[in-house]
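Undergrad: Below are the sequence and a predicted model; questions follow.
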Amino acid sequence: MKHLIPFMPKPPVVSVVRLQGAIGTGGRSLSDAALASVLERAFSRGKPAAVALVINSPGGSPVQSSLIAARIRRLAEEKRVPVHGFVEDVAASGGYWLATAADQIWVDESSLVGSIGVIYASFGFPELMQKAGVERRVHTAGRSKSFADPFKPERPEDVERIHKMLAPLHQNFIAQVKARRGARLAAEADLFNADIWVGRASVENGLTDGIGHLVPKMKELFGPKVRLVGYGQRRGLLQRFGMGMTDALMASVEERALWARYGL
């Protein structure tokens, strides 16, 4: 009741936003559009002393990762609110991109951090199509329109095009990490080859700032009476009644594949 009494000192408030899951635009994925109102409330309501991001993500879309991180930084600078990131199981690939939006990043001893790289994955079925006696008929306007067709043998020129796409995405990721982590990065380490670091090793390499968990760290920084207020995504009406199940199933399969890369 003290916080309702005028002129009494109020305990500091820390807004907590959970960034859980794969990053993308479908299903339950983390996206800029889905998180926009959540982040706005977290930075604006109750004059928070800080915003804490609880991150558990294997990555996903580089564009959505960039948009979400940029939104967090804009709000942090506009509202002059510091941001702390707390990694749970994984902050890898796009998940680490989100973590770099924090001013300080804290990890568990067993957290998996890094994977600063870009991946393109697909399947090929040319022999299966031939055995099944199925003829592939594709007509395009533009010689590159059907590149990397999974029903045709892989061609060197297609592989070259893919690498040309991946290279600038990788450079964008590297630029983000360098801009946000700066001199904290270990100068002698090769940090941008998509390696994964566990807990304390990520601290030693400058990718994160220390070992710490949400509640004790916030109490250490803002006092024992700090109030943690959670903010999360609101499910739409269709999601509440279980509609859109096909899309949800496909998104779940894709997300499961991302988590599987880290043994989770």
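TA: Sure thing, it's come through.

Undergrad: tell me which strands and helices the longest helix anywhere in the chain is in contact with?
TA: For the chain, the helix with the greatest residue count under DSSP state H is helix 156-181. Counting contacts by 3 or more C-beta pairs under 8 Å, 6 or more residues apart in numbering; DSSP states H and E, helix 156-181 packs against helix 62-79, helix 94-99. Just so you know, the C-beta spots here come from the backbone N, C-alpha and C atoms, and that holds for glycine as well.

Undergrad: Measure how the helix or strand following the longest one sits relative to helix 62-79, angle-wise.
TA: Toward the C-terminal end, the helix or strand that comes next after helix 62-79 (DSSP states H and E) is strand 83-92. Computed by axes from the mean of the first three to the mean of the last three C-alpha atoms, to 10 degrees, the angle separating strand 83-92 from helix 62-79 equals 170 degrees.

Undergrad: ok, residues contacting strand 83-92?
TA: Identification of contacts with strand 83-92 by C-beta atoms under 8 Å, 6 or more residues apart in numbering yields 50-59, 72, 76, 98-99, 101-108, 111-115, 196, 208, 212-214, 217-218, 221, 259, 261-262, 264.

Undergrad: quick revisit: would you mind finding the most buried of the helices and strands packed on helix 156-181?
TA: Of these, the one with the most neighbours on average (mean count of other C-beta atoms under 10 Å) is helix 94-99, at a mean of 28.

Undergrad: Pull out the buried residues from the following helix or strand past it.
TA: Sequence-wise, the next helix or strand downstream of helix 94-99 (DSSP H and E) is strand 104-107. Using 16 or more other C-beta atoms under 10 Å as the test for burial, strand 104-107 gives 104-107.

Undergrad: could you give the mean pLDDT of strand 104-107?
TA: For strand 104-107, mean pLDDT is 98.

Undergrad: Give the other helices and strands that it contacts.
TA: Against strand 104-107 (3+ C-beta pairs under 8 Å, 6+ apart) you get strand 83-92, strand 210-211.

Undergrad: Ser115 is in contact with Ile202, correct?
TA: Careful, residue 202 is Ser; it's not Ile. No: using C-beta atoms under 8 Å, Ser202 is not in contact with Ser115; the gap is 11.2 Å.

Undergrad: coming back round to it: which one of the helices and strands packed on strand 104-107 lies closest to Ser37?
TA: Comparing the helices and strands packed on strand 104-107 against Ser37 with C-beta to C-beta, the closest turns out to be strand 83-92 (17.6 Å).

Undergrad: Okay, now the unreliable bits of the stretch 1-150 of the chain?
TA: Applying pLDDT under 70 to the stretch 1-150 of the chain flags residues 1-8, 27, 118-150.

Undergrad: returning to that earlier point: can you pull the buried residues of the longest helix of the chain?
TA: 158, 169-170, 173, 176-177, 180-181.

Undergrad: Helices of the stretch 151-264 of the chain, start to end?
TA: Ranges of helices within the stretch 151-264 of the chain are 156-181, 200-204, 214-222, 237-240, 245-260, based on DSSP state H, counting those that start in this stretch.

Undergrad: Quickly, which of the ones you listed bottoms out on average pLDDT?
TA: helix 237-240 (a mean of 46).

Undergrad: What count of nearby residues applies to Ala36?
TA: When neighbours are counted by other C-beta atoms under 10 Å, Ala36 registers 14.

Undergrad: And for the one 4 residues further on?
TA: In terms of burial, Glu40 registers 14 neighbours under the definition other C-beta under 10 Å.

Undergrad: Which residue, other than its chain neighbours, is closest to it?
TA: Spatial nearest neighbour of Glu40, excluding adjacent residues (C-beta to C-beta, 6 or more residues apart in numbering): Leu75 at 7.0 Å.

Undergrad: I appreciate the help and will end here.
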